[in-house]
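K.L.:
sequence first, then the predicted structure, then my questions.
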Protein chains: 2
Amino acid sequence: MKVLLQGKIVPEEQAVVSVFDRGFLYGDGLFETIRVINGRMFRWPQHLARLQRGAEFLQLRLPYPADQLANWGHELARANRLLDCLLRVNLSRGVGPRGYSPKGADRPTLVMTTHPVADVDPQEPPIWTLVTSSHRLPAGDPLAHFKTSNKLKQILARSEADVLGANEALLLNTNGHVVEASSSNLFWILQQKIWTPGISAGVLPGVTRGVVFEIARNLGCEIAEAEIMPHELTEAESIFLSVTSAGIVECGWLDGVELRRSPLCRKLQMAYRELLVAETRD
Amino acid sequence: MKVLLQGKIVPEEQAVVSVFDRGFLYGDGLFETIRVINGRMFRWPQHLARLQRGAEFLQLRLPYPADQLANWGHELARANRLLDCLLRVNLSRGVGPRGYSPKGADRPTLVMTTHPVADVDPQEPPIWTLVTSSHRLPAGDPLAHFKTSNKLKQILARSEADVLGANEALLLNTNGHVVEASSSNLFWILQQKIWTPGISAGVLPGVTRGVVFEIARNLGCEIAEAEIMPHELTEAESIFLSVTSAGIVECGWLDGVELRRSPLCRKLQMAYRELLVAETRD
């Protein structure tokens, strides 16, 4: 597998960064994970925009022009012969003097990697089990708006799910409201209307989350943000997740309780699939 | 400058980690910064204990025996001819498959580095300026008990201080209470008694913070934990910080307001210095 490091495609063994890189020391960076299908990056402009907003917030300079990043993404997927994969773009602040101050760290590190992805059979979509994590996200955290490299809470939550044999972990915020899952956004259906926690709960504004809003509106479904407590979730007609790697995934169980399932979720899955294929067609 | 990487002393240029290291990707790790004086590590057992507690919490295996770490620390300081320095010990979860799940990442990365440190003249201790950061730490965060590699909030806070020409940034928690500074613990003196925010506020239990408790008690001073709102701080007889690199540092200004100064702070500084020298003597 080849890796793109600072603009150069190198073998995996040469894809290394200094132990003084602030990404390694403090998680001082950002990343994006993009679905590549038919050799094309799905919703690249949205991923790029979030990366750029994050870089501005962290006062971290994107060291290459945006067009260049897109070209490199395509080049790397081709070099790895992966027309259908996940592309990870990682931007760290690079090497700087000791200590938290970012002063003097002015050469960010850009890394791109590709990862195989299991294609979802649209006729047999997976059903995931979800468990509620004991870890809480800070409510109203401004850093939640970006995909930063500070992911210990998500790691610990996901690890709790692993132990229980679940696919994903549900995270609440410090106010006890539902936020999202460790690496996906959460939706629920109630009276044929689609709901999802609002950004102010501390939600990462997922690119696939945005796609769900589009699809729902195209299908003439109402979709809105709302606060929800975890015990209210089991009353839903369906709970589903939006996931970069797998699209829309319905949940079958939450903390061992079997959930209701909705044909509307299936309609959304089909529409998502159509959009994905249409936008990445030659 | 030489670096210790996975038990081997290597030149700085060879001190690299994979771009797939979870430290680099997610800040999935821990670190300690230890004051080395006269070639000896001050309060190593306390630093090691915190590292071990953090590793247990993150379910991250310390890949080498504790004695080995201490020996390597001394060896590296000697190799770099730094009898008086800071030693940084960094432990990340190492390389694993894509995604937050730590499953399959079972070879942690251990790095040790040394950093020159400016010795504090006990006759002319520095006076620092402090500014309150706009970033908030989550109150009651269990991760605050360990020195994790998720440090974006501290970085952003410190960056705000940099912009204003201040030495350190004061951080409040999501309840609005004072917690600590970006890389030091905070104390204040009121009616000759010493106070500091309690661990439950989201305080990192600093090793130097622990030393301040010891010194205060040895001097017969009362010292206790308390909640405090930022506006109450300026009523203090002194505000001081406990810092691994610099010991006890009194603050002269908080958000542009000149602070009172106390001879008691000076007594604590002298006692800290004596302890540091006594415990690292040949």
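P.N.:
Done, it's in.
K.L.:
how about stretch A:80-98: buried residues?
P.N.:
For stretch A:80-98, burial by neighbour count (16 or more other Cβ atoms under 10 Å in any protein chain shown) applies to A:80, A:82, A:85-96, A:98. Quick note: C-beta positions are derived from backbone N, CA and C, even for glycine.
K.L.:
that stretch close to chain B?
P.N.:
Yes - interface with chain B: stretch A:80-98 contributes A:86, A:88, A:90, A:92, A:98 (Cβ under 8 Å from any Cβ of the partner chain).
K.L.:
nearest residue to residue A:131 in space, ignoring adjacent ones along the chain?
P.N.:
Nearest residue to residue A:131 in three dimensions, chain neighbours excluded: residue A:166, at 4.3 Å (Cβ to Cβ, 6 or more residues apart in numbering or on different chains).
K.L.:
same check on residue A:190?
P.N.:
That would be residue A:236: by Cβ to Cβ, 6+ apart, it lies 5.6 Å from residue A:190.
K.L.:
surely the one you found touches residue A:187?
P.N.:
No - taking contacts as Cβ atoms under 8 Å, residue A:236 lies outside contact range of residue A:187: 9.0 Å.
K.L.:
those two - which one has more neighbours?
P.N.:
residue A:187 (25 against 20; other Cβ atoms under 10 Å in any protein chain shown).
K.L.:
and whatever residue of the stretch 1-150 of chain A ends up closest to chain B, what does it touch?
P.N.:
Closest residue of the stretch 1-150 of chain A to chain B, Cβ to the nearest Cβ: residue A:27 (2.2 Å). If you count contacts by Cβ atoms under 8 Å, 6 or more residues apart in numbering or on different chains, residue A:27 has them with A:148-152, B:23, B:26-28, B:149-152.
K.L.:
what about those residues, which are in helices?
P.N.:
A:152, B:23, B:26, B:152 (DSSP state H).
K.L.:
burial count for the closest residue to residue A:246 other than its chain neighbours?
P.N.:
Take residue A:246 and drop its neighbours on the chain: the residue closest to it by Cβ to Cβ, 6+ apart is residue A:120, 5.4 Å away. Counted with other Cβ under 10 Å, residues neighbouring residue A:120 total 19.
K.L.:
ditto for residue A:234
P.N.:
Neighbours around residue A:234, by other Cβ under 10 Å: 14.
K.L.:
relative to residue A:236, how far out is the nearest residue in space to it that is not next to it in sequence?
P.N.:
Spatial nearest neighbour of residue A:234, excluding adjacent residues (Cβ to Cβ, 6+ apart): residue A:257 at 5.3 Å. For residue A:257, the distance to residue A:236 (Cβ to Cβ, to the nearest Å) stands at 11 Å.
K.L.:
which bits of the stretch 101-250 of chain A sit near chain B?
P.N.:
Within the stretch 101-250 of chain A, the positions adjacent to chain B are A:101-103, A:111, A:113, A:115, A:135-136, A:138-143, A:148-159, A:162, A:174, A:182-183 by Cβ under 8 Å from any Cβ.
K.L.:
please flag which of the residues you listed sit within helices.
P.N.:
A:152-159, A:162.
K.L.:
so what does the longest strand seen in chain A touch, helix or strand wise?
P.N.:
As assigned by DSSP state E, the longest strand anywhere in chain A is strand A:127-137. Contacts defined by 3 or more Cβ pairs under 8 Å, 6 or more residues apart in numbering or on different chains; DSSP states H and E place strand A:127-137 against helix A:152-163, strand A:168-173, strand A:178-181, strand A:238-243, strand A:247-254.
K.L.:
that one vs strand A:168-173, what angle?
P.N.:
On the basis of axes from the mean of the first three to the mean of the last three Cα atoms, to 10 degrees, strand A:127-137 is oriented at 30 degrees to strand A:168-173.
K.L.:
who's in contact with residue A:147?
P.N.:
A:30-33, A:50-51, A:54, A:204.
K.L.:
could you rerun that using 10 Å?
P.N.:
If you count contacts by Cβ atoms under 10 Å, 6 or more residues apart in numbering or on different chains, residue A:147 has them with A:29-33, A:47, A:50-51, A:54, A:89, A:183, A:204-207.
K.L.:
who wins for neighbours among these?
P.N.:
Compared across the contacts of residue A:147, residue A:29 has the highest neighbour count, 31 neighbours, by other Cβ under 10 Å.
K.L.:
from residue A:67, how far out is that residue?
P.N.:
Plainly put, residue A:29 is 21 Å away from residue A:67 if you go by Cβ to Cβ.
K.L.:
also residue A:59?
P.N.:
Residue A:59 sits 23 Å away from residue A:67, going by Cβ to Cβ.
K.L.:
pick out whichever of these two has more residues nearby.
P.N.:
Neighbours were tallied for residue A:59 and for residue A:67 using other Cβ under 10 Å; the higher tally belongs to residue A:59 (12 against 9).
K.L.:
so that one touches residue B:159, yeah?
P.N.:
Yes - counting by Cβ atoms under 10 Å, residue A:59 touches residue B:159, with 6.7 Å between them.
K.L.:
quickly list what's touching both of the two.
P.N.:
residue A:102.
K.L.:
what about residue A:87, which SS state?
P.N.:
Assigned with DSSP: H, G, I helix; E, B strand; the rest coil, residue A:87 falls in the strand class.
K.L.:
excluding its own residues, what touches the longest helix along chain A? List them.
P.N.:
In chain A, taking DSSP H as the definition, the longest helix is helix A:263-279. Residues outside helix A:263-279 that contact it (Cβ under 10 Å, 6+ apart): A:35, A:37-38, A:40-44, A:120, A:122-123, A:125, A:187-189, A:192-194, A:208, A:211-212, A:214-216, A:218-219, A:221, A:223, A:237-240, A:242, A:247-251, A:262.
K.L.:
spatially, and excluding backbone neighbours, which residue is closest to the closest residue to chain B within the stretch 151-282 of chain A.
P.N.:
In the stretch 151-282 of chain A, the residue that lies nearest chain B is residue A:151 (3.8 Å; Cβ to the nearest Cβ). Nearest residue to residue A:151, sequence neighbours excluded (Cβ to Cβ, 6+ apart): residue B:26, at 3.8 Å.
K.L.:
can you tell me how far the one you found sits from residue A:110?
P.N.:
Distance from residue B:26 to residue A:110, by Cβ to Cβ: 17 Å.
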